[in-house]
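K.L.:
give me the fold of what follows.
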Amino acid sequence: MKRNILLWETTGVFIIFLSGFIFHFAFFWLKQYKPLALIFAVNESVWEHCKIGFWPALLFSLGEYFFIRKTSSNFFLAKGVLLLTIPLTIITLFYTYTGVLGKNFLFIDISIFLLAVLFGQYLSYKILTLKPLPVLYNYLGFLVVFVLLVLFSTLTYYPLDIPLFIDKNSGQAGLPK
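P.N.:
Have a look, this model is predicted:
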């Protein structure tokens, strides 16, 4: 049981990380078709970099559910933690290192993305292999997934006027003008 879950979570690291690269560029490859802004990054803001972790992780988790639901515990809690960990890790590490160094470096940004995915998948594995927790925890995990889904579905189209949403290159938030 644990070995199967470990295999899925490890595979997830690679799929989410590689999909993140595709999700980073796909909006522009596909001629900036506005409905695709729902899941693909539309600019170089920190928010959009969180989005390229969220959507691949969510899609992988949906597929994974059908293969491990009978052999794992606490699935929705684990995935709620995963989907919350990725953006929180990206935001925390990015603003910490850029605050110290005064600028960002592509290699560090990519490393942070990988660390966020690794950390999220690790926590997911740990929760999936725990003994079953009270069902309330899974409801809480599902609520976290739902709230994040709403946020990641709307805030590209209606970004807040805070640095998290501002593209450093263009000075704009949200969809390109």
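
K.L.:
with adjacent residues omitted, what lies nearest to A37?
P.N.:
Spatially, and ignoring its direct neighbours in sequence, A37 is nearest to T156 (5.1 Å; CB to CB, 6 or more residues apart in numbering). From N, CA and C alone the C-beta is placed, and that goes for glycine too.

K.L.:
neighbours of that neighbour, how many?
P.N.:
Counted by other CB atoms under 10 Å, the residues lying close to T156 total 25.

K.L.:
contacts only, for it.
P.N.:
By CB atoms under 8 Å, 6 or more residues apart in numbering, the residues touching T156 are 37-38, 42, 47-48, 51, 174-175.

K.L.:
also T89?
P.N.:
112, 115-116, 119-120.

K.L.:
going by distance to R3, which of these wins?
P.N.:
Set against R3, the nearest of those by CB to CB is G120 (20.1 Å).

K.L.:
the closest one touches G80, doesn't it?
P.N.:
No: counting by CB atoms under 8 Å, G120 does not reach G80; the two are 10.7 Å apart.

K.L.:
thinking again about what came up before, turn the contacts of T89 into JSON lines, including neighbour count.
P.N.:
Formatted as JSON lines, the contacts of T89 follow (neighbours: other CB atoms under 10 Å):
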{"residue": "I112", "neighbour count": "21"}
{"residue": "L115", "neighbour count": "14"}
{"residue": "A116", "neighbour count": "27"}
{"residue": "F119", "neighbour count": "17"}
{"residue": "G120", "neighbour count": "27"}
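
K.L.:
closest one of the residues you listed to D167?
P.N.:
Among these, I112 lies closest to D167 (CB to CB), at 17.6 Å.

K.L.:
so what's the spatially most central residue of the chain up against?
P.N.:
In the chain, the residue lying closest to the centroid (CA atoms, centre = their mean) is F54, at 2.4 Å. Neighbouring residues of F54 by CB under 8 Å, 6+ apart: 83, 86-87, 148, 152.

K.L.:
show the buried residues in these.
P.N.:
Using 16 or more other CB atoms under 10 Å as the burial test, the contacts of F54 include 83, 86-87, 148, 152 as buried.

K.L.:
what about these, which are in strands?
P.N.:
Assignment to strands by DSSP state E places none of the buried ones among the contacts of F54 there.
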